[in-house]
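[1] The amino acid sequence is not available; the structure is as follows:
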Ligand code: GLC
């Protein structure tokens, strides 16, 4: 070892405890211990699969929930959608039944998206569903219907508001000015007062967390700190978080409040629309990937990029295989129903879950010493010590490298039919049916020694 390298080694050695100490010393907002947090989140970690619902006025233009931003629409131009919002086929019980049949255990509804429209009967605004031809508190009906099906309920609430007169125009706002100078923004924002908006935001969160019973999840969206952006100070995020925890001590909160500097500024990470191959990198963290059927979150009539059942199942299995959750989004139409493509997809997922949900609920990534056989994804239930091999491509012989002596019994999960196996060196070779069983992604359940 040369002198310089040794010197570097000594420096690194001296620095490392400091680095670890710093990592440990991230600030905390609450007194909760790691064990208490694990307990609070136990149901969520177990359940793994939820439904996101993005519904708002943007269902009428039906060309992206960001339409107001994309087309730089003013409040006046957007007003038609408010005046004509009449979801006369809205039947939240039917939504809840479809979610349940798909195997989803929790559901999160947009109580307000970036457009600012409130699906709930807030006393702090007139811009709400009860003042449209809908004349209903859609949030209350959602809560009642989903709870009745035994599904946990969550609220998505947009920190951003493109309708509120005090929400200052920034680089993301529909009335933004590209490359606008500070003075331009100052002029545009004359008369707007973020203090008032902040109060409005706190008031509405309080309303949502006090008027609808126990709320299981709060999904706040989102922060974009920096020039012409907004972040924690704009929301008074630390106090907001304290308030939320006080009002609903059991609630689980996402990570978009811009409180990264705090150890407990969020309960879970939210990798959005990431590819299934990217999910493995989140192992060991607490996370939920949010995904759409077709690209946008709100109902988008002309979008034709719908994922296949196989792709959706890969996302679900891949999430659990990386130790995380999947929340899959539906964007109901302006009539208040799930589009036929969403209904089909949910039905197909439900069909698979009927026979295979044991490889999802209560499961996580496989122990490190099990290699992943070719063209498969593994999940593992640490309670029952069963390992699940998901066959993404099918062939009647499957080699499990290095599995010799580790398996007591193997069966197909959907029908508990035995799968015979032989040893080949250190490997195990499974003999599967010649013809693929009638299951989109068959699963082999391995009872470990
Ligand atoms: C985004 C988008 C959005 C969607 C959300 C879901 O940040 O702004 O439209 O609601 O993420 O994760």
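    The structure has been received and is ready for your questions. In this text the structure is predicted, and so the values were computed from the model without any measurement.
[2] for residue 223, what are its contacts?
    With contacts defined as Cβ atoms under 8 Å, 6 or more residues apart in numbering, residue 223 is in contact with 159, 229-232, 234-235, 237, 256-258. Bear in mind the C-beta positions are built from the backbone N, C-alpha and C, glycine included.
[3] Please repeat the previous calculation with a cut-off of 10 Å.
    Residue 223 makes contact with 159-160, 229-232, 234-235, 237, 255-260, according to Cβ atoms under 10 Å, 6 or more residues apart in numbering.
[4] Okay, residue 305 and the ligand: tell me how far apart.
    Distance of residue 305 to the ligand, given as Cβ to the nearest ligand atom, to the nearest Å: 16 Å.
[5] hang on, that residue packs against residue 273?
    No: Residue 305 lies out of contact with residue 273 (Cβ atoms under 10 Å); the separation is 11.7 Å.
[6] Give me the common contacts of those two.
    With Cβ under 10 Å, 6+ apart, residue 305 and residue 273 have common neighbours 292, 295.
[7] mind listing the strands for the stretch 51-200 of the chain?
    106-112, 152-158 (DSSP state E, counting those that start in this stretch).
[8] can you list the residues of the stretch 201-350 of the chain near the ligand?
    221-222, 272, 290, 297 (Cβ under 6 Å from any ligand atom).
[9] Of the residues you listed, select the buried ones using a ChimeraX command.
    Buried residues among those (16 or more other Cβ atoms under 10 Å), as a ChimeraX selection:
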select :221,222,290,297
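[10] Please tabulate the residues of the stretch 201-350 of the chain next to the ligand in a markdown table, including the columns secondary structure and distance to residue 405.
    Formatted as a markdown table, those follow (DSSP: H, G, I helix; E, B strand; the rest coil; distance: Cβ to Cβ, whole Å):
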| residue | secondary structure | distance to residue 405 |
| --- | --- | --- |
| 221 | strand | 49 |
| 222 | coil | 49 |
| 272 | strand | 42 |
| 290 | strand | 41 |
| 297 | coil | 48 |
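[11] ok, what's across the strand from the one residue sitting closest to the centre of the chain?
    The residue lying closest to the centre of the chain (Cα atoms, centre = their mean) is residue 290, at 3.6 Å. Per DSSP bridges, the residues bridged to residue 290 are residue 272, residue 327.
[12] In this structure it contacts residue 297, no?
    Yes: counting by Cβ under 10 Å, residue 290 does reach residue 297; the two are 8.6 Å apart.
[13] quick one, domains of the protein?
    Here the domain parsing of the chain from automatic domain parsing is 4-359, 376-448.
[14] Can you lay out these as JSON lines showing mean pLDDT and distance to residue 367?
    Output for the domains of the chain, formatted as JSON lines (pLDDT from 0 to 100; distance: least, Cβ to Cβ, whole Å):
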{"stretch": "domain 4-359", "mean pLDDT": "94", "distance to residue 367": "12"}
{"stretch": "domain 376-448", "mean pLDDT": "98", "distance to residue 367": "7"}
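[15] Just name the most buried of those.
    domain 4-359 (a mean of 18; mean count of other Cβ atoms under 10 Å).
[16] ok now it, how far from the chain's centre?
    Centre-to-centre, domain 4-359 and its host chain are 7 Å apart (Cα atoms, centre = their mean, to the nearest Å).
[17] got the contact list for the closest residue to the ligand within the stretch 1-150 of the chain?
    Closest approach between the stretch 1-150 of the chain and the ligand, counting by Cβ to the nearest ligand atom: residue 65, at 4.9 Å. Shown in contact with residue 65 (Cβ under 10 Å, 6+ apart): 54-59, 110, 113-115, 158, 296-300, 331.
[18] Kindly report the same for residue 80.
    Here residue 80 is in contact with 57, 60-61, 73 (Cβ under 10 Å, 6+ apart).
[19] Looking at these, spot the one nearest residue 142.
    Of all the contacts of residue 80, residue 57 has the smallest distance to residue 142: 16.5 Å, by Cβ to Cβ.
[20] Any figure for the gap between the closest one and residue 139?
    Distance, residue 57 to residue 139, using Cβ to Cβ, to the nearest Å: 15 Å.
[21] got it, and residue 259?
    Counting by Cβ to Cβ, the gap from residue 259 to residue 139 is 25 Å.
[22] For whatever residue of the stretch 101-250 of the chain ends up closest to the ligand, which non-adjacent residue is spatially closest?
    Relative to the ligand, the nearest point of the stretch 101-250 of the chain is residue 222 (4.7 Å; Cβ to the nearest ligand atom). Leaving aside its chain neighbours, residue 222 sits nearest to residue 256 (4.1 Å; criterion: Cβ to Cβ, 6 or more residues apart in numbering).
[23] The one you found should be in a strand, yeah?
    No: using DSSP: H, G, I helix; E, B strand; the rest coil, the secondary structure at residue 256 is coil, not a strand.
[24] Number the chain from 793, please
    Taking 793 as the first residue, the last one we looked at is residue 1048.
[25] pretty sure it contacts residue 1022?
    No: assessed by Cβ under 10 Å, residue 1048 is found out of contact with residue 1022, at 11.4 Å.
[26] what is in contact with those two at once?
    951, 1014-1016.
[27] Which residues does stretch 859-866 contact?
    849-850, 852-853, 855-856, 867, 869-873, 905-909, 952, 954-955, 964-968, 1088, 1090, 1092.
[28] hmm, that stretch touching the ligand?
    No: Stretch 859-866 lies out of reach of the ligand by Cβ under 6 Å from any ligand atom, never closer than 9.0 Å.
[29] Where does residue 1195 fall, secondary structure wise?
    For residue 1195, there is no host helix or strand (DSSP states H and E).
[30] was I right about it contacting residue 1218?
    Yes: the pair residue 1195 and residue 1218 qualifies as a contact (Cβ under 10 Å) at a distance of 7.9 Å.
[31] ok, the spatially closest residue to residue 1095 that is not a sequence neighbour to the ligand distance?
    With sequence-adjacent residues excluded and distances taken as Cβ to Cβ, 6+ apart, residue 1095 is closest to residue 1086, at 4.6 Å. Going from residue 1086 to the ligand by Cβ to the nearest ligand atom gives 13 Å.
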